[in-house]
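Engineer: Need coordinates for the below:
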Amino acid sequence: MPIIIKRFIILILLSLQVFASKSQSKHLTADSDTSFWYSYQKKIATKLELESLSESLTKQEWRMWFNGQVTSYVLILNLSESRMILYTQEYRDPVTEQPSERMFSKSYTLNVSQAKSIDSLKEAFEIDKMATGNLIKDWGHGFDGITYNIERSYGNNYSFKSYWTPQAVKAVEAKKIERFIETVEQMTEYKNRPDFFKSIPFLSYSTGGPAVAMKAVDKKQARSLRKAQKAYRRIHPEVVKVTSEY
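Structural biologist: Now for the predicted structure:
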């Protein structure tokens, strides 16, 4: 076979591969939001080793992200396994210390009853029918509150919706979101996870907000954490993550 024909065939095959890779994504719904929080949440999902819902053609899943100031969580509902992942990141003084993006996470499996109850609750509040916050009248925005992001992969569709501090918004939809979240956090006992906080291997931690939490430790524990920190960064100078399964 002449070299020119071989090169032409290779070029066609490469073009088909590029086309196929670009087509490996779902249809983004019109009521979605692809601004700041969309790209930010994808980065966090990668750190938590979660599959990208916008790119997978087979994944059918619903996720709600709570972006707190000190700790955060993602609630995951699907047919095979539902769970809540709590996470936080190591905080380092940007002036005097070397930057760090070390992340610690702990996964809690939800039982079938919890998953079904949450699914029924979001149907009752019509959560999936709501548009993203910036498409709802009188829904404000800011960086000083708490943002909830909801992403959903169903059929060939993908939606990503963002809701800034529903407690501070007067819209009817905000009150629904607020009541839904309050009930879900009670069901999952989000605020009653002392084992998570006890296991955090950082002297100080935050998830991007202005607040920073300090771990209560004695001098011996502080030295141990600093020693482990330095050792880990020598072995893993790149961005590192610590995980724990419940």
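Engineer: Point out where the chain drops to low pLDDT.
Structural biologist: Applying pLDDT under 70 to the chain flags the ranges 1-24, 94-99, 142-143, 208-209, 236-246.
Engineer: now the helices: where do they sit in it?
Structural biologist: Ranges of helices within the chain are 3-23, 36-47, 112-124, 172-188, 194-199, 219-235, based on DSSP state H.
Engineer: Include mean neighbour count and distance to residue 138 when you put these into CSV, please.
Structural biologist: C-beta here means a position set from N, CA and C on the backbone, and glycine is covered the same way. Formatted as CSV, those follow (neighbours: other C-beta atoms under 10 Å; distance: least, C-beta to C-beta, whole Å):
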stretch, mean neighbour count, distance to residue 138
helix 3-23, 10, 38
helix 36-47, 16, 19
helix 112-124, 14, 23
helix 172-188, 17, 9
helix 194-199, 13, 36
helix 219-235, 11, 46
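Engineer: for these, which one sits closest to residue 93?
Structural biologist: Nearest to residue 93 among those is helix 219-235 (13.4 Å), distances taken as C-beta to C-beta.
Engineer: From the rest of the structure, what touches the closest one?
Structural biologist: Contacts of helix 219-235 with the rest of the structure, by C-beta atoms under 8 Å, 6 or more residues apart in numbering, involve 90, 98, 100, 102, 201, 202, 203, 215, 217, 240.
Engineer: now those residues: which count as buried?
Structural biologist: Neighbour-count burial (16 or more other C-beta atoms under 10 Å) applied to the contacts of helix 219-235 gives 90, 100, 102, 201, 202, 203.
Engineer: What sits closest to the third one if chain neighbours are left out?
Structural biologist: Residue nearest to residue 102 in three dimensions, not counting chain neighbours: residue 90, with 4.1 Å by C-beta to C-beta, 6 or more residues apart in numbering.
Engineer: My guess is the one you found contacts residue 205. True?
Structural biologist: Yes: with contact defined as C-beta atoms under 8 Å, residue 90 and residue 205 form a contacting pair (5.8 Å).
Engineer: Give me the common contacts of the two.
Structural biologist: Listed as contacting both residue 90 and residue 205 by C-beta under 8 Å, 6+ apart are residue 104.
Engineer: ok so, going back, how close does the residue nearest to residue 102 get to residue 73?
Structural biologist: 17 Å (C-beta to C-beta, to the nearest Å).
Engineer: same deal with residue 162?
Structural biologist: From residue 162 to residue 73 the distance is 16 Å (C-beta to C-beta).
Engineer: can you check residue 27 too?
Structural biologist: 28 Å.
Engineer: if you count what's nearby, which of these two comes out ahead?
Structural biologist: Neighbour totals were compared for residue 27 and residue 73, and residue 73 leads with 24 against 11 (other C-beta atoms under 10 Å).
Engineer: list the contacts for that one?
Structural biologist: Applying C-beta under 8 Å, 6+ apart, we find residue 73 in contact with 65, 66, 84, 85, 86, 87, 190.
Engineer: what about residue 67, how many neighbours?
Structural biologist: 21.
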